[in-house]
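# Turn this into a structure:
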Amino acid sequence: MTQTSLSFLKGHGTENDFVIVPDPDNTVELPASAVARLCDRRAGIGADGVLHVVRSAAHPDAAHLADEAEWFMDYRNSDGSVAEMCGNGVRVFARYLQYAGHAEPGDLAIATRGGVKRVHLDKTGDVTVSMGRALLPEGEVTVSVGTRSWPARNVNMGNPHAVAFVDRLDDAGDLLTAPPFSPAAAYPTGVNVEFVVDRGPRHVAMRVHERGSGETRSCGTGACAVAVAAIRRDGADPAATGEPVTYTVDLPGGTLVVTEHPDGEIDMTGPAVIVASGEFDTAWLTETAFA
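Numbering: from 1, shown residues only. Predicted coordinates:
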């Protein structure tokens, strides 16, 4: 980092919160240690992750997508690890582009490591993201909390999920550490684990341990994975019925609405809010005392 200070913003989508670092030309280095310090809730700004805002053409991971999407969401988990995709993050990223004058209400495309996501910015404040299609890998998966275990549905939304239906959300425990799963080969790079209960017809509630972040107030890809798992469990596969299916998903931080279409495409709708802006001292991020 050559700058002495950098601008940042803070935003959230159903209380899944992010530090936003605008960097159109990809000149800012964000090593894992810097990301972890930004996300520290006591010694830093505090967030579930960092949205590094870069033009696709300026980033080696997204240059091949520049013709489809001007902007790339270089997303990092709160521990500094790189993630393929973050559904709530995409909504907040889109809201930031509007806030900064880079986008107008309506449709736009955003590049992610999970591919190009189509986004609709509604004038009322909600943001809808086309999340792509879910992959449903074969094989049985089990997740555990303490001495209890549950079968889980393996769902991939560009990142891996294990969805377990339980009697009570308290069954998930404190979710401070990653729930064990088996077989290990099912998720070689770790997994996001969702614990789900029914609230009513096509209405569920969930808690989630996000890989690299711990328990979060909301997870967009997790909500989509939960909806897909519930749709299959309930025998309402849109590919078979020819009709779209919509589930309401309650999370600790709010509510998301997820629709799976007959062609497999999944839409997720929910709020996205920019709450603050400021500057941080780059020297603070590189202090040796933090290492």
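# The stretch of helix or strand residue 97 belongs to: what's the following helix or strand?
Per DSSP states H and E: residue 97 is located in helix 87-99. Downstream of helix 87-99, the next assigned helix or strand under DSSP H and E is strand 106-112.
# Give me the angle between that next one and helix 87-99.
120 degrees (axes from the mean of the first three to the mean of the last three Cα atoms, to 10 degrees).
# follow-up on the earlier one: pLDDT averaged over the helix holding residue 97 - what is it?
In this model, helix 87-99 carries a mean pLDDT of 95.
# What separation do you get for residue 102 and residue 270?
21 Å (Cβ to Cβ, to the nearest Å). (Glycine included, C-beta is placed from N, CA and C.)
# Residue 121 too?
On the measure of Cβ to Cβ, residue 121 and residue 270 end up 12 Å apart.
# Need the overlap of contacts for those two.
residue 127 (Cβ atoms under 8 Å, 6 or more residues apart in numbering).
# Compare neighbour counts for the two and give me the winner.
Set residue 121 next to residue 270 and count neighbours by other Cβ atoms under 10 Å: residue 270 wins out with 26 against 21.
# give me every residue that touches the more buried one.
Applying Cβ under 8 Å, 6+ apart to residue 270 gives the contacts 13-14, 88, 91, 126-127, 220, 254-257.
# For the host helix or strand of residue 51, name the packing helices and strands.
Here residue 51 sits within strand 49-55, counting by DSSP H and E. Applying 3 or more Cβ pairs under 8 Å, 6 or more residues apart in numbering; DSSP states H and E, we find strand 49-55 packed against strand 16-22, helix 32-39, strand 71-77, helix 87-99.
# Give me the buried stretch members for the second one, please.
So that's helix 32-39. By neighbour count with 16 or more other Cβ atoms under 10 Å, helix 32-39 contains the buried residues 34-39.
# Cool, thanks, talk later.
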